[in-house]
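>>> Everything below, folded, please.
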Amino acid sequence: MTRKAFVVGHPIAHSRSPLIHNHWIAQYGLNGSYEKLDVARDDFAAFLAHFHEDGFVGGNVTIPHKEAAFAGAVQATQRARRLGAVNTLWREGGILWGDNTDITGYLDNLDSRCGPDWAARAGSAIVLGAGGAARAVVAGLIERGLSPIRLVNRTRGRAEALAELFAGYLSDENPLSVHGFDAIPELLPQAGLIVNTTSLGMKGQPPLPLDLTHCRDDTIVSDIVYVPLETPFLAMARARGLACVDGLGMLLHQAVPGFERWFGVRPEVTPALRALVETDIVAGKG
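So this is what the prediction gives:
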């Protein structure tokens, strides 16, 4: 029997998830498929209730449906509950389950690029942005014990609302503070990790207005954007001689747990897979 999985969003044409999952299906010789499904907001609840009737064992959820998927899942993992968002669905015992693998995707990417001791070396962090991606990144950094974490956003109210979500996971020894962009020059010299979770630097968006001159020489600079592969922010960090981590690895690593649930094989993020997706990005496909 063919096991079918999906990625659902609106719009969905740009998604590279089928490239990743179908590469693994072929690599491991599995009888399976993975496809894009464009479902509008108003149709999403019905989609959740009936996708298994079309033979799907589960799938990924992307913008704008992650919070609706969390609301629609009967059971959710602890990480999904912490974020209030689901990006991975499956049915187990007739029940719809939801998980969020963005946290592990982000952390596994840093582990693979910077070594397992990166968190201890970095110590403290600055997270730029206060959207859904920032939520996953902050949760991961709290999990790894970085302290302090400085959340920086143009709109303080949105950042304060995000910080409130994590109030129960913080302490005086592990604080999370909120700042405006005007505080960046003061905060930069202290940070061992700087993460851009905004869309600034993405293809078609203005660059991130940041000067890395006065940051630590061992600072790790991370950008969740992967189109382009090297954002102006990462190019600036590379010119400064800093360790750089692009967003493509997060996309690849967050795909691993879902594939294992749907197809019963834990896949590897290999240089060949990364090269395949890089080629697709450079070619401007998908």
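>>> Now do the strands in the stretch 1-150 of the chain.
3-9, 32-38, 56-61, 75-76, 88-92, 95-99, 125-128, 149-152 (DSSP state E, counting those that start in this stretch).
>>> strand partners of the first one, parallel vs antiparallel please.
Pairing partners of strand 3-9, with direction, according to DSSP bridges: strand 32-38 (parallel), strand 56-61 (parallel).
>>> and if you look at the fourth one?
Sheet pairing for strand 75-76, assigned by DSSP bridges, gives strand 95-99 (parallel).
>>> Buried residues, the strand it pairs with. List them.
96-99 (16 or more other CB atoms under 10 Å). Using the backbone N, CA and C atoms, a C-beta is placed for each residue, glycine as well.
>>> Need those in JSON lines (columns: pLDDT).
Output for those, formatted as JSON lines (pLDDT from 0 to 100):
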{"residue": "Leu96", "pLDDT": "97"}
{"residue": "Trp97", "pLDDT": "98"}
{"residue": "Gly98", "pLDDT": "98"}
{"residue": "Asp99", "pLDDT": "97"}
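>>> Let me see the contact set for Ala134.
Ala134 makes contacts with 127-128, 151, 153, 162, 197, as judged by CB atoms under 8 Å, 6 or more residues apart in numbering.
>>> Of all the strands paired with strand 3-9, which one is nearest Gly105?
Smallest distance to Gly105 across those (CB to CB): 11.3 Å, for strand 56-61.
>>> returning to what we had before: okay, the strands paired with strand 3-9 in JSON lines with mean pLDDT next?
Listed next are the strands paired with strand 3-9 as JSON lines, based on pLDDT from 0 to 100:
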{"stretch": "strand 32-38", "mean pLDDT": "98"}
{"stretch": "strand 56-61", "mean pLDDT": "98"}
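>>> hey, which of the ones you listed is tucked in deepest?
Stretch with highest mean neighbour count among the strands paired with strand 3-9: strand 56-61 (a mean of 24; mean count of other CB atoms under 10 Å).
>>> between that one and strand 88-92, what angle do the directions make?
160 degrees (axes from the mean of the first three to the mean of the last three CA atoms, to 10 degrees).
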